[in-house]
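Visitor: The sequence and its predicted three-dimensional model are supplied below.
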Amino acid sequence: MSAPDLYPVPTIAAAFSEVVDPRDGPAMKHQLLDILTIAICAILCGEDDWVGVEEWAEIREAELTAWLGLEHGVPSHDTFGRVFAQIDPVQFEAGFYRWVRESLPDRPAAGVIAIDGKTARRSGDPQREQSPLHLVTAYAVEQRLVIGQNAVGSKANEITVIPALLERLVLKGQVITIDAMGCQRSFAEQIVAGGGDYVLAVKGNQGALLEGVVDTFALAPQDTEVDIVEHQTIDKGHGRLETRTCAVIADPAVIAWLNPAQQWPGLQSIIRITATRASASAPLAVPTTSTRYYISSLPPDAVRLNQVIRSHWAIENEVHWVLDMIYREDSSRVRRGYAQQNLAVIRKLTLNLLKSTPNPKKRSLRILRKRAGWSMDILFDMLGLT
């Protein structure tokens, strides 16, 4: 099965045709779509900065000219940097959303969308009092695809951008998971109004709610009328043994006590996750135990809730870790204008392409990027052009 059969890949022109060229006059020697296409291809092929993009394009100039025309040859790295610094990031992100919509026209109704934030550590400039770029990302866990991102302003936090991100997602039938920063009544209301469900981590930013949930689990064993539904998993990997116990309470009286004014729309379950980790190679080492609490609009199915909560970490392992280790995002010193934010869109778009490429030999993403750079046929296959 080819990549387009798995996920139809729209053309770059179709996705980004509405991006307005920020240049005028003689600065428009190179076509904007050519610049976008070369940058996307080069980053897919393993390059991480504008110099690398130019070098890759020069090596592939003959093939690129046959494909794109390139009347004036390959743009310089300065041109790439200048253009991406000026492109309106809202328009560029809108192109990414069009790409995702066209890629997943028949996305299954039910699934988990994990939302979490990440900072590109070296994208800030202390001398110019420029804060590092912080982005909130939405990740469709079952499809293993990034489906949205919003930038957080330098004087704001994730709470200010999550509503706009949720507004751009198809929430119906989805389970939205957000860490403690996203445990907000308005977010729960927005998710439920959109036809979705939520699982929200509860920490100190919702002190009264956290206290009530903790006390409920502490007192529940003494109350014969309150049922606790539990599910336990045992996993071994990375040199450690982890036991996870998911305990769920959904007693209507308890929910009514925690949610007296229905300020948490649709609240049905409160959850406690207890994770104990022991070293598989050093059995005498003292195990470590952590306890986390959640609220959810889902029914009290401990098996499903345990799976949903654990699946949230896919955004850390399959997106944030990959962006740092494979794309070197934390090391990127691109700081000019909107370039870093637009570059983040390209990274996630190409990451989606890599993850949707058939990979029967289970090659690493690093190797897949290299293979795309080694062969234009492989690159075109990833782009759905064969």
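Guide: In hand now; what should we look at?
Visitor: Find the nearest non-adjacent residue to residue 341, please.
Guide: With sequence-adjacent residues excluded and distances taken as Cβ to Cβ, 6 or more residues apart in numbering, residue 341 is closest to residue 89, at 4.4 Å. For the C-beta atoms, the positions are set from N, CA and C on the backbone; glycine is no exception.
Visitor: how about the residue lying closest to residue 336 once chain neighbours are set aside, phi and psi?
Guide: Take residue 336 and drop its neighbours on the chain: the residue closest to it by Cβ to Cβ, 6+ apart is residue 85, 4.1 Å away. For residue 85, the backbone dihedrals (degrees, to the nearest 10) come out as phi -70, psi -30.
Visitor: and residue 85, how far is that from residue 132?
Guide: Per Cβ to Cβ, to the nearest Å, residue 85 is found 16 Å from residue 132.
Visitor: can you map out the strands along the chain?
Guide: Taking DSSP state E as the criterion, the chain contains strands spanning 111-119, 134-140, 145-152, 174-178, 197-202, 229-237, 240-249, 269-279, 288-296.
Visitor: CA-only coordinates of the shortest one in CSV, if you can.
Guide: By that I understand strand 174-178. Extracted in CSV, the C-alpha atoms of strand 174-178 (Å, rounded to 0.1, in the frame of the first residue of the first chain):
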residue,chain,number,x,y,z
GLN,A,174,-12.8,12.9,20.2
VAL,A,175,-11.3,12.6,23.7
ILE,A,176,-9.2,15.7,24.5
THR,A,177,-6.4,15.2,27.0
ILE,A,178,-4.6,18.2,28.5
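Visitor: tell me the average confidence for that strand?
Guide: When pLDDT is averaged over strand 174-178, the result is 97.
Visitor: what's that strand in contact with?
Guide: Residues from elsewhere that reach strand 174-178 (Cβ atoms under 8 Å, 6 or more residues apart in numbering): 110-116, 162, 166, 187, 191, 196-201, 298, 308-309, 311-312.
Visitor: go with 6 Å
Guide: The contact list for strand 174-178 (Cβ atoms under 6 Å, 6 or more residues apart in numbering) reads 111-115, 191, 196-200, 308, 312.
Visitor: Point out the most buried one among the strands of the chain.
Guide: Sort these by mean neighbour count, taking mean count of other Cβ atoms under 10 Å, and strand 174-178 sits at the top with a mean of 26.
Visitor: From the chain's centroid, how far away is that strand?
Guide: Offset of strand 174-178 from its chain centre (Cα atoms, centre = their mean, to the nearest Å): 12 Å.
Visitor: So what are the sheet partners of that strand and their directions?
Guide: strand 111-119 (parallel), strand 197-202 (parallel) (DSSP bridges).
Visitor: for residue 53, what are its contacts?
Guide: If you count contacts by Cβ under 6 Å, 6+ apart, residue 53 has them with 39, 42, 47, 80.
Visitor: Not counting residues beside it along the chain, what's closest to the last one?
Guide: Nearest non-adjacent residue to residue 80, counting by Cβ to Cβ, 6+ apart: residue 50, 4.2 Å away.
Visitor: quick one, helices of the stretch 1-150 of the chain?
Guide: 3-6, 12-16, 32-44, 50-59, 61-68, 77-86, 89-103 (DSSP state H, counting those that start in this stretch).
Visitor: Check what contacts the longest one and list those residues.
Guide: Residues outside helix 89-103 that contact it (Cβ under 6 Å, 6+ apart): 7, 10, 15-16, 19, 147, 338, 341-342, 345, 349.
Visitor: now do the second one
Guide: By Cβ under 6 Å, 6+ apart, the list of residues contacting helix 12-16 from outside reads 33, 36-37, 95, 98-99.
Visitor: Test my guess that the residue nearest to residue 336 contacts residue 339.
Guide: Yes - counting by Cβ atoms under 6 Å, residue 85 does reach residue 339; the two are 4.3 Å apart.
Visitor: Pick out whichever of those two has more residues nearby.
Guide: Neighbour count, other Cβ atoms under 10 Å: between residue 85 and residue 339, residue 339 has more, with 23 against 18.
Visitor: what's the distance between the more buried one and residue 54?
Guide: From residue 339 over to residue 54 the distance is 14 Å, taken as Cβ to Cβ.
Visitor: Kindly reformat the contacts of residue 53 as JSON lines and extend each row with pLDDT, neighbour count and distance to residue 275.
Guide: Listed next are the contacts of residue 53 as JSON lines, based on pLDDT from 0 to 100; neighbours: other Cβ atoms under 10 Å; distance: Cβ to Cβ, whole Å:
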{"residue": "39", "pLDDT": "97", "neighbour count": "25", "distance to residue 275": "41"}
{"residue": "42", "pLDDT": "98", "neighbour count": "28", "distance to residue 275": "41"}
{"residue": "47", "pLDDT": "96", "neighbour count": "20", "distance to residue 275": "39"}
{"residue": "80", "pLDDT": "97", "neighbour count": "26", "distance to residue 275": "45"}
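Visitor: Report pLDDT for the nearest residue to residue 329 once chain neighbours are set aside.
Guide: Counting by Cβ to Cβ, 6+ apart, residue 323 is the residue found nearest to residue 329 once chain neighbours are left out, at 4.2 Å. Note on residue 323: pLDDT of 95.
Visitor: Return the distance of residue 323 relative to residue 110.
Guide: From residue 323 to residue 110 the distance is 27 Å (Cβ to Cβ).
Visitor: returning to that earlier point: which members of the contacts of helix 12-16 are the farthest-apart pair?
Guide: 37 and 98 (15.3 Å; Cβ to Cβ).
Visitor: now the helices for the stretch 201-350 of the chain?
Guide: So, for the stretch 201-350 of the chain - with DSSP H, counting those that start in this stretch - the helices run 207-219, 252-258, 302-311, 314-315, 321-325, 339-355.
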